[in-house]
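# Predicted model and sequence below, questions to follow.
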Amino acid sequence: GGGMACYDDSSPNIINVIIDNNIVNTSNMYSRAGGGGISCDYESHPTLENVIISNNTVNLLSGYDESGGGGLWCFDSDLTIVNVLIENNTVNFAGCGMNTIGGGGVFFKSSNSIVDSTTISNNLLSSGNNCNGQDNIGGGGFLSMYSNIVLNNVIIENNVADFAGLGGGMYLGDSSPTLT
């Protein structure tokens, strides 16, 4: 995570915080990279309340799997997100050969998180190449794979999955979200 990393069963309460203008640059080929603003992995359970996650970037090289989340990257962790603004975050990936890449704003994989009264807007998933046939590349605003996310009173607007991605606002794969 460019701004913060939550790993190994950590459970911080992140309240009234601004996480802005952080960058994750990847230089080696491996999987599970991301979270320009915040990354959460290995059974972490943070609570985010009244938080702004903005203007963060993840730059990926080809060959990365399970990566992205310009604002927030969550893998094998369950978050509680209340009254959060996730905006103007970007995932840039160069090349093809990647699997499960996306979430310009938010990336969830193997997660059962709760998102309430939150706005995910003006985020971008951008590729320098047209990677037709790639698996699970998408979600300008939000990517969810193998997750059961509860979204209550959430606004997802003005997000873009550029060039090779699907789902400008939201990309779902093997997920069963609840939207109310």
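Now that the structure is in, tell me what you want to look at.

# Enumerate every residue touching the closest residue to Ser126 other than its chain neighbours.
Once flanking residues are discounted, Ser126 sits nearest to Asp162: 4.5 Å by C-beta to C-beta, 6 or more residues apart in numbering. Glycine gets a C-beta too; all of them are placed from N, C-alpha and C. By C-beta atoms under 8 Å, 6 or more residues apart in numbering, the residues touching Asp162 are 124-127, 140.

# Ranking helices and strands of this protein by mean pLDDT, which lands last?
In the chain, no helix or strand scores lower on mean pLDDT, DSSP states H and E than strand 135-138, which sits at a mean of 69.

# Give the next helix or strand downstream of that strand.
Sequence-wise, the next helix or strand downstream of strand 135-138 (DSSP states H and E) is strand 142-145.

# elements contacting the following helix or strand past that next one?
Note on strand 142-145: by DSSP H and E, the next helix or strand toward the C-terminus is strand 150-152. Under the contact criterion of 3 or more C-beta pairs under 8 Å, 6 or more residues apart in numbering; DSSP states H and E, strand 150-152 touches strand 114-116, strand 178-179.

# avg pLDDT for the next helix or strand after strand 150-152?
Going down the chain from strand 150-152, the next helix or strand is strand 155-157, by DSSP H and E. Strand 155-157 shows a mean pLDDT of 97.

# Run me through the strand neighbours of the helix or strand just after strand 155-157, direction for each.
Once the chain leaves strand 155-157, the next helix or strand it forms, by DSSP H and E, is strand 160-161. Strands adjacent to strand 160-161 in the sheet, as given by DSSP bridges, are strand 124-127 (parallel).

# Quick check, pLDDT for Ile23.
93.

# ok, it touching Gly1?
No: using C-beta atoms under 8 Å, Ile23 makes no contact with Gly1, being 10.8 Å away.

# more neighbours, those two?
Gly1 (22 against 14; other C-beta atoms under 10 Å).

# got the contact list for that one?
22, 24, 34-40, 73.

# how about the residues you listed in a markdown table, adding neighbour count and secondary structure?
Conversion of the contacts of Gly1 to a markdown table gives the following (neighbours: other C-beta atoms under 10 Å; DSSP: H, G, I helix; E, B strand; the rest coil):
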| residue | neighbour count | secondary structure |
| --- | --- | --- |
| Asn22 | 22 | coil |
| Val24 | 25 | strand |
| Gly34 | 31 | strand |
| Gly35 | 33 | coil |
| Gly36 | 32 | coil |
| Gly37 | 32 | coil |
| Ile38 | 31 | strand |
| Ser39 | 26 | strand |
| Cys40 | 29 | strand |
| Trp73 | 32 | strand |
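
# which one of the residues you listed is nearest Leu61?
Val24 (11.8 Å; C-beta to C-beta).

# Can you tell me how far that closest one is from Ile38?
Distance, Val24 to Ile38, by C-beta to C-beta, to the nearest Å: 11 Å.

# Many thanks, I have nothing further to ask.
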